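# fold the stuff below for me.
(one chain, ligands or ions: 2)
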Amino acid sequence: MKQAALALLQSVFGYPAFRGSQADIIDHVVQGGDALVLMPTGGGKSLCYQLPAMLRDGVGIVVSPLIALMQDQVDALAEVGVRAAFLNSTQTFGQALAIEQKMRQGELDLVYVAPERLLTQRCLELLEVCPISLFAIDEAHCVSQWGHDFRPEYIKLSVLHERFPQIPRIALTATADQATRAEIISRLQLENALQFVSSFDRPNIRYRIVEKASGRQQLLDFLQAEHVQDAGIVYCLSRKKVEETAEFLNQHGVTSLPYHAGLDIKIRTRNQARFLREDSIVMVATIAFGMGIDKPDVRFVAHLDIPKSIEGYYQETGRAGRDGLPANAWMAYGLQDVVQQRRMIEESEADENYKRLQSGKLDAMLSLCETIHCRRLHLLRYFGQHDSTQPCGNCDVCLHPPSAFDASVVTQQLLSAIYRVDQRFAAGHVIDVLRGIDSERVQQWRHDQLSTFGIGAERSEAEWRAIIRQAIALGLVNVDYESYNALKLTETSRAVLKGQQSVQMRKYEKPQKPSKKKASVGYIETDLSPQGQQIFEKLRSWRMETARLHNVPAYVIFHDSTLRDIAKANPSTLSDLRGVSGVGEKKLATYGEQIVELVTSL
Ligand code: ADP
Ligand code: ZN
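Ligands and ions are numbered 1, 2, ... in the order given. Down below sits the predicted model:
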């Protein structure tokens with residue numbers, strides 16, 4: 001069986017070998033077993049159900065909440081010669097009827113179905129009379145009521161097991177935490193499924209978290225230095241900030257589009273389609289954007305605001321670099337973020353349990369931001385993957401180790417300043433007092449008389465903000481949202497104030513403007529020879545044309561990584577082209593001659 005799967009992988013998809021546990025998963029499902037697959041975004045989940053569906057008799061039913069992306073998924077399969085279709089509300093009755101007909105006659109390998117559609121009486125009855133190879137439940141974390149992707153229809157998918165007990169089911173998700181996993185198993189009745197938990201590492205993604213000064217300008221500097229003409233996603237917390245940031249980037253020559261739930265559905269769909277189809281669009285979005293977006297050449301994901309949890313951060317950053325080429329996960333974060341997120345939790349309508357849970361998740365996120373150790377190890381440990389112990393060499397901490405310092409004294413200064421102003425003032429005023437600034441408010445409250453006035457004059461405001469932020473992250477200071485964000489002492493402050501507990505902090509470094517690298521798509525293609533680079537660029541314009549002609553996203557024709565490999569191989573015959581990763585039989589037959597001609601004519 002494994003041989004047959006490998007043969008299909010090579011001939012249809014043009015890939016030389018399986019990745020990670022793909023082969024085992026496919027083998028298990030082909031033999032009729034149920035599976036729960038946890039793999040990071042970009043890990044290669046789709047093949048885990050596509051190949052078994054092709055190898056088993058009947059049609060594979062893929063349940064997916066992502067109606068807007070079904071057309072592209074089906075087009076991509078058609079490009080490699082797989083017989084696929086979808087059933088959802090965007091079709092006319094006649095179109096759906098034609099698909100149903102083909103399903104009954106066994107003329108399709110894969111059909112994508114929206115969950116609400118699947119649950120209709122009509123659809124369930126259709127499935128009774130069709131030969132079915134498997135059920136794949138994609139984005140399975142949508143059953144989780146705690147997650148922000150919750151879809152009520154997903155809960156009812158247990159009907160599949162009840163009505164079709166003999167048909168194998170494979171549930172897939174990129175969400176790693178234990179609670180979600182347990183919820184998927186119980187709600188979908190997957191108690192007997194074999195679990196396949198992949199390494200969550202994404203080695204090609206470089207994690208960087210910088211101190212926020214002027215967020216937007218820092219983002220622009222970063223894009224101009226490293227991502228000219230690259231596709232990427234910028235996440236912001238609010239709709240307003242999304243709009244403003246997109247406008248700001250456009251004004252500075254970065255083609256950007258906004259995406260958030262407040263936009264008209266037509267505009268949202270159009271912006272998403274442009275992002276997928278064009279080569280170098282920056283999408284500025286709230287977290288409403290991104291699930292199921294399998295654009296492989298997203299070169300960066302930037303966060304202008306801190307995400308609510310490490311799960312969110314990891315899912316969002318995971319959308320970068322699915323093609324395995326180098327990609328950046330960049331984030332700017334500051335004191336204001338911490339204050340804002342804490343307030344949002346406090347002010348939410350949720351019950352105390354939920355608030356505590358959210359608060360714990362935010363704390364975990366903060367400690368990732370403040371860590372002075374390898375970010376990747378920190379992330380992997382958070383997801384319970386303790387096997388790697390070597391610092392990664394591909395995160396900001398590994399590349400430019402920050403220095404830590406003994407912050408016990410400076411923390412004592414901070415805590416006593418907070419105490420002396422009666423725990424009634426926010427960070428700005430506390431910093432003024434520490435630095436000895438004679439502000440109006442200082443005058444008004446006669447805080448220049450305090451013993452703590454000016455004891456921290458040698459530190460800049462930014463430095464003090466960094467210290468306060470870390471003190472909050474360490475639980476030494478609280479922010480009271482009910483009284484104008486006043487800073488307060490905590491239970492743990494006392495030990496530090498009394499000198500019984502020392503404090504380590506990250507040494508403050510002024511944010512630096514990144515140095516400009518070669519301004520072009522340069523970032524990822526540096527290992528091509530000048531001639532290879534020329535071929536690559538020619539291939540890229542050819543791909544753009546071809547994609548437009550076929551009305552599909554460019555990556556559906558070939559990925560950047562495949563174009564690069566072709567450029568390296570410099571093929572002069574069809575057989576030179578065969579065996580390049582990503583060139584299967586059908587694509588070889590369709591595009592082979594055009595490509596050889598294009599390359600040899602240079
Ligand atoms: P996921 O759904 O897990 O996020 P995908 O199934 O979209 O990931 O796969 C991510 C990318 O990796 C896709 O572009 C896919 O074509 C590619 N890929 C998957 N498996 C392999 C493999 N065995 N060899 C080479 N490329 C692969
Ligand atoms: Zn590292």
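
# and the pLDDT at the residue nearest the centre of the chain?
Centroid-nearest residue in the chain: Glu316, 2.1 Å away (criterion: CA atoms, centre = their mean). Confidence at Glu316, expressed as pLDDT, is 94.

# just say helix, strand or coil for it.
Secondary structure, DSSP: H, G, I helix; E, B strand; the rest coil: Glu316 is helix.

# ok, it - contacts?
When contacts are counted by CB atoms under 8 Å, 6 or more residues apart in numbering, Glu316 touches 233, 235, 287, 290, 301, 303, 307. C-beta here means a position set from N, CA and C on the backbone, and glycine is covered the same way.

# what about the biggest helix by length in the chain, average pLDDT?
Secondary structure of the chain per DSSP state H: the longest helix is helix 530-550. Averaging pLDDT along helix 530-550 yields 92.

# give the other helices and strands that that helix contacts.
Applying 3 or more CB pairs under 8 Å, 6 or more residues apart in numbering; DSSP states H and E, one finds that helix 530-550 contacts helix 554-557, helix 560-569, helix 585-600.

# now, of these, which is deepest in the fold?
helix 554-557 (a mean of 24; mean count of other CB atoms under 10 Å).

# got the contact list for that helix?
Against helix 554-557 from outside (CB under 8 Å, 6+ apart): 72, 75-76, 79, 277-279, 295-297, 543-544, 546-547, 550, 591.

# buried ones from those, can you make that a ChimeraX selection?
A single ChimeraX command selects the buried members of those (16 or more other CB atoms under 10 Å):
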select :72,76,79,277,278,279,295,296,297,543,546,547,591
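
# buried ones in the longest helix of the chain?
Buried, per 16+ other CB under 10 Å, within helix 530-550: 532-533, 535-540, 542-543, 546-547.

# how about stretch 165-181?
167-177, 180-181.

# buried sites along stretch 188-195?
188-190, 193.

# can you list contacts of that stretch?
Taking CB under 8 Å, 6+ apart as the rule, stretch 188-195 contacts 28, 33-36, 38, 137, 140, 143, 157-158, 161-162, 169, 171, 181, 184-185.

# and if you look at stretch 6-24?
Contacts for stretch 6-24 (CB under 8 Å, 6+ apart): 2, 5, 26, 39, 43-44, 47-48, 51, 54-55, 80-82, 196, 198-199, 562, 579-588.

# let's see that with 6 Å instead.
Here stretch 6-24 makes contact (CB atoms under 6 Å, 6 or more residues apart in numbering) with 44, 47-48, 51, 80, 196, 198, 581-585.

# thinking again about what came up before, in strands, which of the buried residues of stretch 188-195 fall?
Taking DSSP state E, every one of these sits outside strands.

# could you dump those to TSV with pLDDT and distance to Arg270?
Formatted as TSV, these follow (pLDDT from 0 to 100; distance: CB to CB, whole Å):
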residue	pLDDT	distance to Arg270
Leu188	94	34
Gln189	94	39
Leu190	95	38
Ala193	96	39
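
# specify the local secondary structure of the closest residue to Gly579 other than its chain neighbours.
Of all residues not flanking Gly579 in the chain, Pro16 sits nearest, at 7.5 Å (CB to CB, 6 or more residues apart in numbering). Following three-state DSSP, the label given to Pro16 is coil.

# my guess is Pro391 meets Cys398, correct?
Yes: in terms of CB atoms under 6 Å, Pro391 counts as a neighbour of Cys398; the distance is 5.0 Å.

# which neighbours do those two share?
By CB under 6 Å, 6+ apart, the residues touching both Pro391 and Cys398 are Cys374.

# tell me which of the two has more neighbours.
Remark: of Pro391 and Cys398, Cys398 carries more neighbours, 18 against 15, as counted by other CB atoms under 10 Å.

# can you check the pLDDT for the more buried one?
On the pLDDT scale, Cys398 gets 96.

# cool, Ser198 as well?
89.

# what of Thr175?
At Thr175, pLDDT is 78.

# name the helix or strand for it, please.
Using DSSP states H and E, no element contains Thr175; it sits outside every helix and strand.
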